[in-house]
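> model this:
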Amino acid sequence: MPSSPAEIVEAYLTAHMIPDPVAAKAFVAQNFDITFTGGRKMKDPAEASAFNKGRYKWVKKKFERTEVVAGGTPEETVVYNIGTLYGEWPDGTPFEGNRYVDRYVLAHGKIVKMSVWNDSAEILLDRAGLVPL
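Numbers count the residues shown, from 1 in each chain. Predicted structure coming up:
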């Protein structure tokens, strides 16, 4: 079982990308709170997996780096995971290089908060001809 904050976040993300929300749930606290792109609020990794299933045919994260913010304590440690998304849109069109930043708050070895930002909405707007990149 991973023990450092960075290992916990990466293990959670690895399970989440399978997607295996049951395995991912082992890394989160009972009071887990997700704020997904667009300010969508969720409470369970399964909700995030379901959202991704509707937005993408499949999606994975390519980790660039995982950063643990200095000054963390067992009560609160902030971790950022930064990289790019790759996969296929629902119509089967492949994509890569979709930037993301995830922010995690851990307490006593469990993830209590997850905030997600990525370029998917901008890319989809561009594909629809609504807002050129």
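> how about the helices of the protein, start to end?
Taking DSSP state H, the helices of the chain run over residues 5-17, 21-25, 45-55, 120-127.
> buried sites along the shortest one?
Within helix 21-25, the residues that count as buried by 16 or more other CB atoms under 10 Å are 21, 24-25. Any C-beta I mention is one placed from the backbone N, CA and C, and that applies to glycine too.
> just put the residues you listed in a markdown table and tack on pLDDT and distance to T77.
As requested, those are arranged in a markdown table below (pLDDT from 0 to 100; distance: CB to CB, whole Å):
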| residue | pLDDT | distance to T77 |
| --- | --- | --- |
| P21 | 92 | 23 |
| A24 | 96 | 19 |
| K25 | 96 | 20 |
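> select the longest strand from the chain.
strand 94-107 (DSSP state E).
> out of the helices of the chain, which is the most enclosed?
Of all the helices of the chain, helix 5-17 has the most neighbours on average by mean count of other CB atoms under 10 Å, namely a mean of 20.
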